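Participant: Need coordinates for the below:
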Amino acid sequence: MDIQIRPIEPTEHTTLGDITATAYLDDGLLDFGESDAYLHELRDVTKRAASAEVLVAAAEGRVLGGVTFVPGPGPMSDIARPGEAEIRMLAVAREARGRGAGEALVRACLDRARATDGCTGVVLSTQRTMRAAHRVYERLGFTRAPERDWNPLPELDDISLLVYELTL
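Facilitator: As a prediction, the model looks like this:
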């Protein structure tokens, strides 16, 4: 299968929102299931695309997954510091996993970061259970930055996100 990475088309926003939300729900990554507030953020591709670059992996005329590339600190970044780009909301449809779409999306983000003036690194947050994603990040040169781990919901002690970083 020939996977292409390209900017998302507006007509694909709903499709990618559904893929992203379904991936997080099916993988048990949302603490409150369908009632999780973050689910709305995952579905709202139009909002992401307005302030960051949303890329899709596509093959044979269909979207397989997507990622949000944030070129630096701003409204779509969670942890990026000056000089860092951030990768957010990486998701691949279950039926397309294991075919290289996720890795191709991360590589595309790294290419964009290298082309961004003043960008010296890339960061991302991930959950402890996303082990397949961790292997992809490590294969591409990311290393753990435990001193940057953070909790998006301080009222819930057990929600800690792991941070990975890569120096360009």
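Participant: who touches stretch 105-118?
Facilitator: Residues outside stretch 105-118 that contact it (Cβ atoms under 8 Å, 6 or more residues apart in numbering): 5, 53, 55, 57, 65-67, 69, 71-72, 83, 85, 87, 90, 92, 119, 121-122, 136-137, 140, 166, 168. C-beta here means a position set from N, CA and C on the backbone, and glycine is covered the same way.
Participant: just the buried members of those?
Facilitator: Buried members of the contacts of stretch 105-118, scored by 16 or more other Cβ atoms under 10 Å, are 5, 53, 55, 57, 65-67, 69, 71-72, 85, 87, 90, 92, 119, 121-122, 136-137, 166.
Participant: quick one: which of these sit in strands?
Facilitator: Among the buried ones among the contacts of stretch 105-118, DSSP state E puts 5, 53, 55, 57, 65-67, 69, 85, 87, 90, 92, 121-122, 166 in strands.
Participant: just curious, which of those residues is nearest to His13?
Facilitator: Gly66 (9.8 Å; Cβ to Cβ).
Participant: what packs against the helix or strand harbouring Ala132?
Facilitator: Taking DSSP states H and E as the criterion, Ala132 maps to helix 131-139. Where contact means 3 or more Cβ pairs under 8 Å, 6 or more residues apart in numbering; DSSP states H and E, helix 131-139 is packed against helix 101-114, strand 121-126, strand 162-167.
Participant: Gly61 versus the residue lying closest to Glu103 once chain neighbours are set aside, what's the distance?
Facilitator: Spatial nearest neighbour of Glu103, excluding adjacent residues (Cβ to Cβ, 6 or more residues apart in numbering): Val136 at 5.1 Å. Relative to Gly61, Val136 is positioned 25 Å away (Cβ to Cβ, to the nearest Å).
Participant: and if you look at Arg114?
Facilitator: 30 Å.
Participant: which of those two has more neighbours?
Facilitator: Arg114 (12 against 5; other Cβ atoms under 10 Å).
Participant: pLDDT at the more buried one, what is it?
Facilitator: You'll see Arg114 listed with a pLDDT of 98.
Participant: Over to Asp31?
Facilitator: For Asp31, the predicted pLDDT is 55.
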